[in-house]
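> My questions concern the predicted model and sequence given below.
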Amino acid sequence: MPLLRWLWVRRWLWLGLLVGLLVLLLPRPEGLSPEGQRALALLATVIVFLVTEPIPLPATALLIAFGQAVLALGSPNEIARSYMSDAVFFIMGSLMISVALVKQKFDVRIAFALLRLTGPNAYRVAAGLATVSALLASFIGEHTVAAMMLPVALGILAAVERDRSGASTRQLAALLLLSIVYGCAIAALGTPSGGARNAIMIDFWRRMFGIEVDYLRWMLYAYPLVWLQLPFVLWVLSRTFRPEVVDLRRALVRLRRRVRETGRLSRRDAEALGLFLLILVGWIAFSGQLGLGMVAVLGAALYLVTGHVRWEDLNAGVNWGVVLLYAAAISLGYRLQTTGAAAWLAQTLLGLAGGGEGSLLLLIALLMVAFTNLMSSGAAVAVLGSVTLQMAALSGTSVLAAGFVTSLSSAFAFLTVIGTPAATIVYGSGRLRPSDFARAGARLLVASVIILLLLARFYWPLLGL
């Protein structure tokens with residue numbers, strides 16, 4: 001009995017291994033190399049592990065390296081080297097910078113500024129939360145912004161509930177909290193520093209095709225999508241969730257008083273903000289020469305050197321498992337490319353796209369939407385990015401257009417709790433239900449895919465794409 005129970009608890013682990021074994025034992029399709037079949041077997045196992053999480057995700061990252069060695073997909077040194085790239089340095093440095101910014105307690109400052117701008121109307125407060133989240137998440141990562149903005153929304157809700165003597169505020173909570181989630185999600189695609197998926201795609205372009213995309217060029221192509229999506233976020237949320245109380249005047253008076261007690265911006269806070277602006281200038285001006293990763297690790301080092309953060313803070317605050325997972329997923333993506341598995345899979349999927357660039361980009365967008373709502377967006381791009389770029393290369397479609405669609409549509413994880421870091425963090429407050437994401441996210445998802453494809457069809461060609 002204990003053995004059966006143990007096997008049942010670990011059923012997804014065995015299923016993932018069984019799926020990989022089946023792919024390995026199936027007759028090898030024409031055009032697929034033996035190494036490519038082994039790489040696809042590893043990919044199948046990893047996808048099951050990422051979706052079901054039968055083991056901790058960092059363990060999956062470690063097993064990707066072991067799987068490559070056991071399946072003879074590269075020498076130990078080659079596998080180790082493939083785990084480190086400029087994209088990994090960028091992700092690691094960005095997480096360190098995020099910890100340094102959170103340590104300065106900028107969330108209180110943001111709350112004060114937000115309440116002064118929006119006034120007491122619940123819909124305007126939601127619009128303010130979404131807009132501020134979008135502006136910040138464009139540059140410092142959505143997980144950091146979600147962690148900063150969540151206390152702001154919870155403070156507003158607590159003040160409202162005290163005035164209403166414990167009456168339900170579930171609809172108001174959904175309106176405010178999902179404003180943060182979706183504001184972060186749509187903005188994280190706007191710049192390379194907004195999310196790991198963007199840095200991963202830039203790395204794929206460089207390694208696979210020798211194409212360099214710097215910080216400013218990414219913004220030129222992607223940032224219009226942020227501002228086109230934002231009105232749809234606000235419209236969808238206002239139509240889906242009707243707050244129990246719209247006038248928050250009494251609650252916000254109390255909240256303003258508490259925020260003012262924190263005092264003015266200190267010199268140390270100003271220095272920390274100035275350092276971040278310096279890092280941002282470095283990303284925009286020098287990422288083409290130095291790489292995004294080198295600028296990011298320099299910025300993290302500057303926060304340490306100036307004493308704005310201690311190594312103990314970074315060691316405790318950075319999710320090193322996330323860094324390892326992205327490194328492993330990037331490594332697997334490159335292995336799919338070098339073994340020819342990505343090209344074979346791309347050729348197979350091309351048969352579903354029919355003819356024309358538009359149908360291929362639609363297929364890529366739908367493929368990424370399906371995967372990103374089941375696993376993290378960064379992992380989805382790392383695993384599938386080399387495949388979608390190969391699809392574009394084989395069909396004569398611009399690999400830049402295919403790469404942008406791959407990365408940007410991976411941000412449309414609006415349906416599930418696990419799709420984005422911001423969704424997971426805000427859901428952890430206990431104020432939302434999984435069904436809340438699906439109710440609002442379905443409408444927003446359709447609108448976002450349509451807007452993205454319209455940009456690809458009419459706006460990107462004006463930029464020479």
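Right, received. Where do you want to start?

> Burial check on Ser238, number of neighbours?
16 (other Cβ atoms under 10 Å). Placement of C-beta: from N, CA and C, glycine included.

> Please read the previous query as pertaining to Gly274.
10.

> Now do the contacts for it.
With contacts defined as Cβ atoms under 8 Å, 6 or more residues apart in numbering, Gly274 has no neighbours.

> Please, which helix or strand holds it?
helix 267-290 (DSSP states H and E).

> now the helices for the stretch 351-465 of the chain?
According to DSSP state H, counting those that start in this stretch, the stretch 351-465 of the chain carries its helices in the segments 357-372, 377-395, 399-409, 421-427, 434-454.

> Check which helices and strands the longest helix seen in the chain sits against.
In the chain, taking DSSP state H as the definition, the longest helix is helix 215-240. Helix 215-240 sits against helix 122-140, helix 170-187, helix 196-204, helix 267-290, helix 399-409, helix 434-454, with contacts defined as 3 or more Cβ pairs under 8 Å, 6 or more residues apart in numbering; DSSP states H and E.

> where's that helix relative to the chain centroid, distance-wise?
Relative to its chain's centre, helix 215-240 lies at 15 Å (Cα atoms, centre = their mean, to the nearest Å).

> What of stretch 130-148?
11 Å.

> in that stretch, what's buried?
Neighbour-count burial for stretch 130-148 flags 130-134, 136-148 (criterion: 16 or more other Cβ atoms under 10 Å).

> what about the residue nearest to Arg268 when sequence neighbours are not counted, which SS state?
With Cβ to Cβ, 6 or more residues apart in numbering as the criterion, Arg268 has its nearest non-adjacent residue at 7.2 Å, and that residue is His308. Using DSSP: H, G, I helix; E, B strand; the rest coil, the structure places His308 in coil.

> Tell me the spacing between His308 and Ala270.
Distance, His308 to Ala270, using Cβ to Cβ, to the nearest Å: 11 Å.

> which of those two has more neighbours?
Neighbour comparison, His308 and Ala270: the larger count goes to His308, with 18 against 11 (by other Cβ under 10 Å).

> With Leu278 as the reference, measure out to that one.
Using Cβ to Cβ, His308 is found at 12 Å from Leu278.

> Now do the helix or strand containing Leu325 against helix 196-204: the angle between them, please.
Using DSSP H and E, Leu325 falls within helix 320-338. Helix 320-338 runs at 40 degrees relative to helix 196-204, counting by axes from the mean of the first three to the mean of the last three Cα atoms, to 10 degrees.

> any idea of the mean pLDDT for helix 320-338?
Throughout helix 320-338, pLDDT has a mean value of 79.

> what about that helix, distance to the chain center?
15 Å.

> which helices and strands sit right next to it?
helix 34-52, helix 57-70, helix 76-82, helix 86-103, helix 196-204, helix 341-353, helix 377-395.

> The last one to helix 57-70, inter-axis angle?
Taking the same axes, to 10 degrees, one finds that helix 377-395 is oriented at 40 degrees with respect to helix 57-70.

> Then the fourth one?
Angle, helix 86-103 to helix 57-70, by the same axes, to 10 degrees: 170 degrees.

> just for the stretch 301-450 of the chain, where's the confidence low?
In the predicted model, the stretch 301-450 of the chain carries pLDDT under 70 at residues 352-356, 374-376, 417-419, 424-425, 428-429.

> Repeat that for the stretch 151-300 of the chain.
151, 163-167, 251-252, 254-265, 287-288.

> From Tyr459, how far off is Tyr221?
Distance of Tyr221 to Tyr459, given as Cβ to Cβ: 8 Å.

> who's more crowded, these two?
Neighbour comparison, Tyr221 and Tyr459: the larger count goes to Tyr221, with 21 against 15 (by other Cβ under 10 Å).

> who touches the more buried one in this structure?
Taking Cβ under 8 Å, 6+ apart, one finds 404, 460, 463, 465 in contact with Tyr221.

> Give the buried subset of those residues as a PyMOL selection command.
A single PyMOL command selects the buried members of these (16+ other Cβ under 10 Å):
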select buried, resi 404+460
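
> how big is the angle separating the longest helix of the chain from helix 267-290?
Using the same axes, to 10 degrees, helix 215-240 lies at 120 degrees relative to helix 267-290.

> Report the buried residues of helix 215-240.
Neighbour-count burial for helix 215-240 flags 215, 217-219, 221-223, 225-226, 228-230, 232-234, 236-238, 240 (criterion: 16+ other Cβ under 10 Å).
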